[in-house]
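Enquirer: here's my sequence, what's the structure:
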Amino acid sequence: MSIIDVSGMTRRYGSGKNAYEAVKSLDLQIAEGELFGLLGTNGAGKTSTLEVIQGLSTPSAGSVRIMGMDPVADRRKVRPALGIMLQKGGLPQDLTAEESLRMWAGTCSDPLAVDEVLAKVDLSDRATTRVKFLSGGEQRRLDLACAIISRPRVLFLDEPTTGLDPESRRNTWRLIQELKDSGVTIMLTTHYLDEAESLCDRLAIMHKGNVVRSGTVDDVVADHPARIDFTVPGVALPQLPGVDIDVHGDTVTITTSSVQDTLTELLMWAREHRVTLHGLDARAASLETVFLSIADEFDQRISA
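Expert: Reported below is the predicted structural model:
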């Protein structure tokens, strides 16, 4: 069952000749308890999408439903069930971390204990520190604390680990996973592709306002070719079925849908002909290679 249902959603800014469509006829269905990632290059439309789904702005066309309700028209019913962590928080700089969280808890009907939430985001030892003296990473963790203190049923995290050190980032991943395991539905945006690979049940990649790939990480990566790179002196390369070979001087790049079979044939040929493949690097397709190829592919279409 979908807890978030987006159908034909368009977000347009301006009107007439100056109109700009940040999101174009978007369809998304997110199941209850799912952790869904929304990825994309800068300007892809991720933030505009989140703003409409959260009820912070109205769609120019199409519809959005959270728990079967319109997040704008039914805001009084929907908002208490949402936890929202924006890209940038706006907490008063002169309050301490604890005072800020207590203030935020005062807007919630059934908040978690402030001390408990500070511990979850590793800020217990910074509770009495004013917000303006917290590091950028600590302020992000305080933003996360504000998003989860209301016991949300649906949690929106807009680039939650930006500015965090590696240890804090891993701790935040663990907390996000714990929230998911407890049944919270999470919608996440991130520029860290390893974060998406580690956390997301499913994801969608946006570019220029459109979703261009979606599914599990395996689904998204499945049809993308692997790559083999090496340097070899000027010799006649073997005939390898079903691959593309690109040669620049002594540098060879092979793209293949079956890296294991192609690499096996290549190594057998090299051994038989006593050829050394310098700097041999074989990589299966990854979310990073798919992401970068999407950006390159669509940019080339636009410039063509």
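Enquirer: only C-alpha atoms for contact and neighbour calcs from this point on.
Expert: OK.
Enquirer: can you give me the helices in the stretch 201-304 of the chain?
Expert: Assigned by DSSP state H, counting those that start in this stretch, the stretch 201-304 of the chain shows helices spanning 217-222, 259-272, 287-303.
Enquirer: for those, which one ends up most surrounded?
Expert: Highest mean neighbour count of these: helix 217-222, a mean of 17 (counted as mean count of other C-alpha atoms under 10 Å).
Enquirer: now for that one, which elements pack on it?
Expert: On a contact count with 3 or more C-alpha pairs under 8 Å, 6 or more residues apart in numbering; DSSP states H and E, helix 217-222 meets helix 287-303.
Enquirer: residues contacting the closest residue in space to residue 251 that isn't next to it in sequence?
Expert: Excluding its sequence neighbours, the residue lying closest to residue 251 (C-alpha to C-alpha, 6 or more residues apart in numbering) is residue 231, at 4.5 Å. Residues near residue 231 by C-alpha atoms under 8 Å, 6 or more residues apart in numbering: 250, 251, 252, 277, 278, 279, 280.
Enquirer: one step back: so for residue 194, which of the helices of the stretch 201-304 of the chain sits nearest?
Expert: helix 287-303 (8.2 Å; C-alpha to C-alpha).
Enquirer: what average pLDDT does that closest one get?
Expert: The average pLDDT within helix 287-303 is 69.
Enquirer: before we move on, what about stretch 190-198?
Expert: 92.
Enquirer: hey, where'd the strands end up in the stretch 51-200 of the chain?
Expert: 61-66, 82-85, 154-158, 185-189 (DSSP state E, counting those that start in this stretch).
Enquirer: in the sheet, who's paired with the residue nearest to residue 251?
Expert: Counting by DSSP bridges, residue 231 forms beta bridges with residue 251, residue 278.
Enquirer: now it: how far from residue 243?
Expert: Applying C-alpha to C-alpha, to the nearest Å, the value for residue 231 to residue 243 is 17 Å.
Enquirer: repeat that for residue 108.
Expert: Counting by C-alpha to C-alpha - residue 108 and residue 243 are separated by 58 Å.
Enquirer: just residue 208 next, same as before
Expert: According to C-alpha to C-alpha, residue 208 and residue 243 sit 31 Å apart.
Enquirer: what do you get for residue 3?
Expert: Separation of residue 3 from residue 243 (C-alpha to C-alpha): 43 Å.
Enquirer: do residue 121 as well
Expert: Distance, residue 121 to residue 243, using C-alpha to C-alpha: 48 Å.
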